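What would the 3D arrangement of this be:
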Amino acid sequence: MTGRRRVPRHEREQQIIDVAVQVFAKRGFHAASVDEIAELAGISKPMVYLYLDSKEGLFLACLRREADRLVAAFQGAAATGGAAPELRLHAALLAFFAFVAEHRDSWVVLHRQASELSEAIATAVAGARRAVLAEVAGLVLAGITESGDSQLDDEDADFVAHALVGAADSLTDWMADHPDQSPEGVTLRLMNMVWVGMGRVLEGEVWSPARP
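Below is the predicted model:
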């Protein structure tokens with residue numbers, strides 16, 4: 001008679017996290033039950049605590065894994081998107097919006113719930129955001145450098161990166177309200193709003209309010 005296969009610890013943890021992401025997304029952190037997570041994962045409640053320590057520890061594990069996946073998708077796309085900075089940025093933004101569209105549960109955990117919870121969770125979210133901001137700022141700065149414009153600098157690149165990442169965050173809510181809109185279409189609209197506008201600034205065009 002063949003005995004039951006012993007599941008390696010890492011594999012078991014991933015199974016628990018898979019279920020927990022779905023439950024946290026559906027019920028929210030406070031209403032989510034470790035009993036339900038354990039039942040859906042096919043293990044005992046004490047086993048969940050043995051692997052992940054606490055409910056907050058379980059949420060942090062979900063958050064870190066999904067944030068790592070998102071950042072890896074973004075950075076991987078940027079690295080292989082093409083030679084020009086705008087092509088790399090386009091590829092990275094498309095990877096971001098595709099991730100959100102394909103992993104709604106993960107995005108609910110990352111975007112909607114995490115900011116409302118503990119300092120440890122907020123710190124983990126901030127770390128993931130900094131990684132994305134650094135990547136975007138680097139791509140924007142590369143575009144500025146290639147233009148040969150000396151009027152814009154690192155601070156301008158950082159400013160555009162924050163504006164772009166903030167817009168991307170907000171557009172995930174817009175995508176939820178417009179399920180017919182594809183990640184490709186949203187990415188193209190955002191690139192046209194930001195990159196084309198930045199190109200005009202690089203050419204020396206500056207807007208200012210009309211004076212009476």
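
From now on I want contacts and neighbour counts done on CA atoms only, so please keep to that.
OK.

looking at the chain, which helix or strand is least sure?
Within the chain, confidence by mean pLDDT, DSSP states H and E is lowest for helix 119-147 among all helices and strands, at a mean of 84.

element containing Ala72?
Assessed by DSSP states H and E, Ala72 sits inside helix 55-80.

Now find how far off-centre the helix or strand following that helix is within its chain.
Going down the chain from helix 55-80, the next helix or strand is helix 85-102, by DSSP H and E. Distance of helix 85-102 from the chain centroid (Cα atoms, centre = their mean, to the nearest Å) equals 10 Å.

Could you list every helix and strand in contact with helix 85-102?
Under the contact criterion of 3 or more Cα pairs under 8 Å, 6 or more residues apart in numbering; DSSP states H and E, helix 85-102 touches helix 55-80, helix 119-147, helix 183-202.

So which of these is nearest Phe159?
In terms of Cα to Cα, the element of the helices and strands packed on helix 85-102 nearest to Phe159 is helix 119-147, at 8.2 Å.

Could you check the angle that closest one makes with helix 85-102?
In terms of direction (axes from the mean of the first three to the mean of the last three Cα atoms, to 10 degrees), helix 119-147 departs from helix 85-102 by 150 degrees.

Now the element after helix 119-147, going C-ward?
Next element after helix 119-147 (DSSP H and E): helix 154-177.
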